Structures are given as C-alpha cells and as structure tokens.
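Visitor: return a 3D structure for these sequence lines:
(one chain, ligands or ions: 1)
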Amino acid sequence: MKVAVVGSTGMVGQVMLKVLEERNFPVTELIPVASEKSVGKKVKYKQDEFTIVSMKDAIAAKPDIAIFSAGGSTSLEFAPLFAEVGTTVIDNSSAWRMDPTKKLVVPEINADVLTKEDKIIANPNCSTIQLVMVLGPLNKKYDLKRVIVSTYQSVTGTGKAAVDQLNGEINGDDSVVKVYPYQIFKNALPHCDVFADDDYTKEEIKLMKEPKKILGDDTFNLTATAVRVPVQGGHSESVNIEFENEFDLDEVRKILSETPGVIVMDNVKNNEYPMPLYLEGKDEVYVGRIRRDLSQPKTLNLWIVADNLRKGAATNAVQIAEYVVKNNLIG
Ligand code: 2RA
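Guide: The predicted structure is shown next:
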C-alpha cells in the first residue's frame, strides 16, 4: 500500500505515523507530506527515515491512500487532486464532514456506509467520535430523544503551541506563544474554536451536528458546551441522555461492554472511573459514572474519556483505512 500522510510533522500527523506502525498497516511506500518549508526534512517511520515531499510530488506518486491532518483549506484544495488520481483520501479536518456527498465515519458505528465510490472520507471531530461510540449502541436499543453534552477538552486538541503555552504557564515561562484568550493553567475556558453568530462555538456546533450524520438519525435533540481545560491526556465528556424508551442500567452496561472499542470503567465504590491522565495513548473509549438521572424518567448520566489524538483522530482515521483496504474499496 502506497500511503501518503499529509501534515506528517503536526501532532496528529505524528500520531498517525505511530498508529500505522503499531497496527502494522500494510505500508509498502510511505510518502510524508508537509508544508513547503518542511520539504526535504525527515520523518521517522518504523526503523527508517523518510524524506518529506511536496504536495505536487505526492499527488504525482498516486498513493493508494492519503491520510490528511493539515487543516481545512489545505484539504479543500488538495484532497480532490489526490482523488482525481485514484487516491482514497481520509481527512481529519472539518472541511468535508457536513458535505452531503461525503461520508463521515466512525468504523465501529457506520463503516457500512462506505463504497468504492467514496474517494474523500471525512474523519469526525475528536469530541464527536468518543460521543457517538456510546450514543450509537444506546440509540439502537433505546432511541435517543435528547442529549446534553459538556466537554472538558485537552489542550492537545489545539495543537503543539497550546501544549507549549500550558507548560510555559506551569513553569513560569510566559514567553511562549499565547493561543488562548486567557491563561489556561489553573483555569477552564468555555471557548473551544471560535464563536458563531448564535453564541455557540464551532466546536459545539460540530458536536451538535456530526453525531446525527454518523448515526443517520436526526430525530433527537443535542446541545453542547465545550470547555478547554489544562489537561493533556484526552477529552472528557459529561453526558445526559434522555431516551424515548425505558432502559435497565445493567443492560446499558452490558451493551456498552459488548461494543467494540468501548471499555466500561465504572465502580465508584472502588473509585474506578475514566480519567484522561491515565488513559493517554489508549485507543479505546472509556465510559463510567453510569447512573440514572433521578430528576426525570428514561434519562441516563455518564462520563466518557478518550485520547483525542488517538481514537479522536489518528486511530479512527487508520481504522477507516483498514476498513477500505479489507473490503477492497480502494483503487
Ligand atoms: C479541539 N476538537 O479539541 C478540536 C480540534 N482538535 O480543539
């Protein structure tokens, strides 16, 4: 498999290379791509070093698969050029996610929507992926009516500069690049991405729209508040779910425990619940604090944690690549 990784020097791009290696993806030729200023530099993959090439050269190489994590404008410009030469593009930006002609995929939930005709496939937003991994199986069984999500998002979601800012503020080095409007250390910013006219942030709008497309169901309501917190290991989400139908708590736990890619970590008597500090680097989505909402019937509270760079981005993208290869959907 000739595989291009576009954005190979970024935080997600570096994790993509790591995941491809860990999962022993059948790469016969790796084509790392990055901005013009990085062309000629090297990236490590397995025991070797690979030279970063320009987008033009990568397209000319006609890779079988191109996994993008290079921002929306780059994807809008270059993903179609790769698709034109027969490459299957899996894009981690928001560029294509809500495009009605493109599929938005979490393999465990809706990979079956993919066909050979899908040449540009959208990887959902990190906070969406971990949410739908839980909503999907519960929706099938109990039929979602309304979902309220509050997120507690890692600074790694904003990129390396944000991690540097956090560490700079922790160490008192305030010369680092400021990426947030306020200090993030010892703080919580109810401001992920930019504000839209309706006073929701773009991150919240992604969380309110993408799950409906992935689940193929717009019969339920969903509202979100996305908060940035001084954490590095992953995103956490407090979720309140009202169903159309009654549920049994033990059955909820059984359904989630049997969902591929989901791990139930829920024993509060032993202080067992998911926490990002301890789950960094994992590929699963962890669920805990599962309990009935005593304020109204047919309603559940739970807590979801996942590494936003792995299942929230790189691992989900590689899993899509694995699916299209396994099901002969490329070429
Ligand atoms: C964030 N989900 O966490 C967005 C993009 N990675 O900032």
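
Visitor: quick check: whichever residue of the chain sits closest to the ligand vs Pro230, distance?
Guide: In the chain, the residue that lies nearest the ligand is Gly157 (2.1 Å; C-beta to the nearest ligand atom). For every residue, glycine as well, the C-beta is placed using N, CA and C. Separation of Gly157 from Pro230 (C-beta to C-beta, to the nearest Å) stands at 12 Å.

Visitor: when the two are compared, which one has more neighbours?
Guide: More crowded of Gly157 and Pro230, by other C-beta atoms under 10 Å: Gly157, with 25 against 19.

Visitor: give the residue spans of the stretch 151-300 of the chain that score low on pLDDT.
Guide: The stretch 151-300 of the chain contains no residues with pLDDT under 70.

Visitor: residue numbers of it in contact with the ligand?
Guide: 153, 157-158, 192, 203 (C-beta under 6 Å from any ligand atom).

Visitor: sorry, back to before: surely the residue of the chain closest to the ligand and Gln130 touch.
Guide: No: contact between Gly157 and Gln130 fails when scored by C-beta atoms under 8 Å: they sit 11.8 Å apart.

Visitor: shared neighbours of the two, anything?
Guide: 235, 308, 312 (C-beta atoms under 8 Å, 6 or more residues apart in numbering).

Visitor: next, count neighbours for the nearest residue to the second one once chain neighbours are set aside.
Guide: Right, Asn308. Leaving aside its sequence neighbours, Asn308 sits nearest to Cys126 (C-beta to C-beta, 6 or more residues apart in numbering; 3.8 Å). Residues near Cys126, counting by other C-beta under 10 Å, number 29.

Visitor: how about Cys126, what does it touch?
Guide: Taking C-beta under 8 Å, 6+ apart, we find Cys126 in contact with 157, 235, 306, 308-309, 312-313.

Visitor: can you say which helix or strand has the nearest residue to Val105 once chain neighbours are set aside in it?
Guide: The shortest distance from Val105 to any non-neighbouring residue, by C-beta to C-beta, 6+ apart, is to Ile320 (5.4 Å). In the assignment (DSSP states H and E), Ile320 maps to helix 315-326.

Visitor: list the buried residues for the longest helix seen in the chain?
Guide: Ranked by residue count, the top helix of the chain under DSSP state H comes out as helix 126-142. Of all the residues in helix 126-142, those buried under the rule 16 or more other C-beta atoms under 10 Å are 126-139, 142.

Visitor: so which bits of whatever helix or strand comes next after it are buried?
Guide: Note on helix 126-142: by DSSP H and E, the next helix or strand toward the C-terminus is strand 144-153. For strand 144-153, the neighbour count (16+ other C-beta under 10 Å) marks 144, 147-149, 151-153 as buried.

Visitor: since that was my last question, I'll sign off now.
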